[in-house]
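*Asks:* what follows is a predicted structure for the sequence shown.
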Amino acid sequence: MIRRFVVLFAFAVAPGLNAQSLPILSPEQLQLITQEISGDAAYEHIRFMTQFHRGGGGANGLWEAALYHERKAREYGLEDVQLIKQAYGRRPWNARFADLWIVEPVKERVASTLQTQLHLADFSRAADVRGCRRGCQ
């Protein structure tokens with residue numbers, strides 16, 4: 001009963017609410033920005049960048065993301081775009097391959113770096129935890 005009341009109240013009040021205004025911009029400027037904003041473009045940026053594992057400085061995925069941003073900046077009309085590669089004092093951590101399996105009662109792959117690099121935790125190590133119960137190291 002309360003849920004129905006809340007839903008009805010939301011539909012009754014929502015039409016009277018106004019969106020936030022930006023007093024810094026003129027209506028013309030706001031219209032120009034609104035016409036250029038794309039949720040689809042933002043989604044594509046995130047979709048591209050999250051396919052790489054970027055565990056820390058020097059990792060291959062970090063470089064791929066940097067190259068992507070450099071390319072997009074040029075596509076958007078920026079002229080003096082420079083990607084500056086800097087030395088990294090530590091050894092980079094790049095995952096080659098990892099799988100996570102449930103082996104009992106039926107063998108099933110849960111996650112793999114073949115699907116996406118983000119399935120792997122930063123600086124993780126190989127382990128066989130069959131038969132491990134609480135408190136296993």
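*Replies:* In hand now; what should we look at?

*Asks:* next, count neighbours for Phe97.
*Replies:* 8 (other CB atoms under 10 Å). C-beta: built from backbone N, CA, C; applies to glycine.

*Asks:* residues contacting it?
*Replies:* By CB atoms under 8 Å, 6 or more residues apart in numbering, Phe97 lies in contact with Thr113, Leu114.

*Asks:* repeat that for 7 Å
*Replies:* Thr113 (CB atoms under 7 Å, 6 or more residues apart in numbering).

*Asks:* can you name the helix or strand that it falls in?
*Replies:* Assigned by DSSP states H and E, Phe97 falls within no helix or strand.

*Asks:* what's the biggest helix in the chain, counting residues?
*Replies:* Looking across the chain with DSSP state H, the single longest helix is helix 60-75.

*Asks:* next helix or strand past that one?
*Replies:* strand 99-102.

*Asks:* partner strands of that following strand, parallel or antiparallel?
*Replies:* Under the criterion DSSP bridges, strand 99-102 sits next to strand 108-112 (antiparallel) in its sheet.

*Asks:* what bridges to Leu100?
*Replies:* Ala111.

*Asks:* check the gap between it and Ser124 for me.
*Replies:* 10 Å (CB to CB, to the nearest Å).

*Asks:* what about Gly89, neighbour count?
*Replies:* 6.

*Asks:* before we move on, what about Leu78?
*Replies:* Count around Leu78 with other CB under 10 Å applied: 10.

*Asks:* stretch 103-113 - what's its average pLDDT?
*Replies:* Averaged across stretch 103-113, pLDDT comes to 84.

*Asks:* show me which residues of that stretch are buried.
*Replies:* For stretch 103-113, burial by neighbour count (16 or more other CB atoms under 10 Å) applies to Thr113.

*Asks:* please save the CA atoms from that stretch in PDB.
*Replies:* C-alpha atoms of stretch 103-113 as PDB (Å, rounded to 0.1, in the frame of the first residue of the first chain):
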ATOM      1  CA  VAL A 103      36.300 -27.800 -10.300                       C
ATOM      2  CA  GLU A 104      33.600 -29.500  -8.200                       C
ATOM      3  CA  PRO A 105      30.900 -30.800  -8.500                       C
ATOM      4  CA  VAL A 106      31.000 -29.700 -12.200                       C
ATOM      5  CA  LYS A 107      34.000 -28.100 -13.800                       C
ATOM      6  CA  GLU A 108      33.100 -24.600 -14.900                       C
ATOM      7  CA  ARG A 109      35.200 -21.500 -15.900                       C
ATOM      8  CA  VAL A 110      34.100 -18.500 -13.800                       C
ATOM      9  CA  ALA A 111      36.400 -15.900 -15.300                       C
ATOM     10  CA  SER A 112      39.300 -15.600 -17.600                       C
ATOM     11  CA  THR A 113      41.600 -12.900 -18.900                       C
END
